[in-house]
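**Q** I'd like to go over a predicted model; first the sequence, then the structure.
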Amino acid sequence: MITDLPLPLNASQHLRPLDARHDLAAVADLVELCFNDTLDPEGRNYLKQMRQAAQHAALIGWANSLYPDGSMPPTGLVWVEGDLQAGNQRLVGNLSLIPINLQGKRGTLIANVAVHPDFRGSGIGRTLTAAGLEVARKRGVPAAWLQVRDDNPSAIHIYETSGFVERARRSSWVTTADIPSGSPPPGTSITSRQPAHWPQQKSWLTTLYPQDLSWHLPLDWKALDPDLSGSLYRLLTWYFPRHWSILQDDRLAGVLTYTQSHGQTDHLWLAAPPDPDPQALFELLRAARRSSLPRRRPLALNLPAGMATQALRSAGFSTHQTLIWMEYRFH
């Protein structure tokens, strides 16, 4: 049992570490109940995998003996109500602890913080958060991160008063509508990216996808470099992004990159000024969508909240959610 935690609500009677051999199915049900309206294809696939893993309890136990403090199987905390001996105990709260890479250093992502609707308002979420931070602190990580929807004020209040600080606010977009028809206006052209475009593209990407957020924005910088080392890297990894550049009167106005993923959506990465020309961005997105990209998979794009909203909607994208990225630093 976790010790040395300032936990209210007689927490020692209710709070315990996640037992992946027995809890995964109940955690999946709780997360689905709490976040069903906001789950994206990746989230639903995650729950599917969790339920599949729950069917192999023996394998999970073996993995846990090899990785007692790692990500295989997932680790975290749960809150239970009822009497185990009487057979009426139920899992009503969850918090997952996921190892992340913070620019070469170990960090912790606090995720899937869920409390059953019948038990909300009693301090369970705050207690789980405090306990999760204590576990992360004992692991010696420099920081813990979490993401919370911008329309969840009660959760935001818990995290702010627990010591988390907002670091970014970003919206995820996904293709849902048909590809608009049309052609670029006079003076505008869409081309393949040229090597000369890379310095400006890299500068824009660095602004829109900063390094301190790279733990959740899997942009493979080596694969984008057009020079010889980048070419060799792409051959060795068999990873070939596609790029489109838009020129307005021979001036570079933006670059869009497409990368495949192993998840439920493929990714687009935008390189553009922080306040891009809406028409240029619309034409760039439309050109990419009308090219020979796989049509059976949605395309996802992550940008700072509020950026180029109208251009994205015009190009057939819909907002999935806007998340506040928050950090807790231990030292």
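**A** Structure's in. What do you need? Residues are numbered from 1 along each chain as shown.
**Q** Just the element for Leu247, please.
**A** Secondary structure assignment for Leu247, by DSSP states H and E: strand 242-248.
**Q** mind saving the C-alpha coords of the helix or strand following that strand as PDB?
**A** Per DSSP H and E, the first helix or strand lying C-terminal to strand 242-248 is strand 251-259. Coordinates of each C-alpha in strand 251-259 appear next as PDB, following Å, rounded to 0.1, in the frame of the first residue of the first chain:
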ATOM      1  CA  ARG A 251       6.900  33.700 -51.500                       C
ATOM      2  CA  LEU A 252       6.700  30.600 -49.200                       C
ATOM      3  CA  ALA A 253       3.500  30.900 -47.200                       C
ATOM      4  CA  GLY A 254       3.300  27.400 -45.600                       C
ATOM      5  CA  VAL A 255       4.400  23.700 -45.800                       C
ATOM      6  CA  LEU A 256       2.200  20.800 -44.900                       C
ATOM      7  CA  THR A 257       3.600  17.300 -44.100                       C
ATOM      8  CA  TYR A 258       1.800  14.000 -44.100                       C
ATOM      9  CA  THR A 259       3.000  11.000 -42.000                       C
END
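**Q** Which pLDDT does the model give the most centrally placed residue in the chain?
**A** Closest to where the C-alpha atoms of the chain average out (C-alpha atoms, centre = their mean) is His216, at 5.2 Å. Per-residue pLDDT puts His216 at 91.
**Q** For it, give me its contacts.
**A** Applying C-beta atoms under 8 Å, 6 or more residues apart in numbering, we find His216 in contact with Ile100, Leu109, Gln147, Trp325. (C-beta placed from N, C-alpha, C; glycine too.)
**Q** List the beta-bridge partners for the last one.
**A** Counting by DSSP bridges, Trp325 forms beta bridges with Gln147, Ala168.
**Q** can you give me the strands in the stretch 151-300 of the chain?
**A** 165-175, 188-192, 242-248, 251-259, 266-271, 299-304 (DSSP state E, counting those that start in this stretch).
**Q** Any idea how many residues pack against the closest residue to Gly107 other than its chain neighbours?
**A** Excluding the flanking residues, the one nearest Gly107 by C-beta to C-beta, 6 or more residues apart in numbering is Ile100, at 4.7 Å. Residues near Ile100, counting by other C-beta atoms under 10 Å, number 18.
**Q** Can you get me a residue count around the closest residue to Pro184 other than its chain neighbours?
**A** Once flanking residues are discounted, Pro184 sits nearest to Glu283: 4.9 Å by C-beta to C-beta, 6+ apart. Number of residues near Glu283 (other C-beta under 10 Å) recorded here: 26.
**Q** Can we start the residue count at 705 from this point?
**A** That works, and once the first residue is 705, the last one we named lands at Glu987.
**Q** And the pLDDT for Glu987?
**A** 95.
**Q** so it sits right up against Thr895, yeah?
**A** No: using C-beta atoms under 8 Å as the test, Glu987 is too far from Thr895 to be in contact (11.9 Å).
**Q** Show me whatever sits in contact with both of the two.
**A** Here Glu987 and Thr895 have Ile950 as joint contacts, going by C-beta under 8 Å, 6+ apart.
**Q** What's the local residue count around His966?
**A** Per other C-beta under 10 Å, the neighbour tally for His966 reads 4.
**Q** how much space between it and Gln753?
**A** From His966 across to Gln753, the span is 12 Å (C-beta to C-beta, to the nearest Å).
**Q** same thing with Trp948?
**A** Trp948 is 33 Å from Gln753, by C-beta to C-beta.
**Q** Give me the more crowded residue out of those two.
**A** Taking other C-beta under 10 Å, Trp948 and Gln753 do not tie; Trp948 has more neighbours (20 against 12).
**Q** Tell me what that one is bridged to.
**A** Following DSSP bridges, Trp948 is listed with bridge partners Ser896, Leu960.
**Q** wait, it sits on Leu956?
**A** No: counting by C-beta under 8 Å, Trp948 does not reach Leu956; the two are 11.6 Å apart.
**Q** Identify the contacts common to those two.
**A** Residues touching both Trp948 and Leu956 (C-beta under 8 Å, 6+ apart): none.
**Q** Packing partners of the helix or strand that contains the residue nearest to Gly811?
**A** Under the criterion DSSP H and E, the helix or strand holding Ile804 is strand 794-806. Helices and strands touching strand 794-806, by 3 or more C-beta pairs under 8 Å, 6 or more residues apart in numbering; DSSP states H and E, are helix 724-739, strand 779-785, strand 809-819, helix 828-842.
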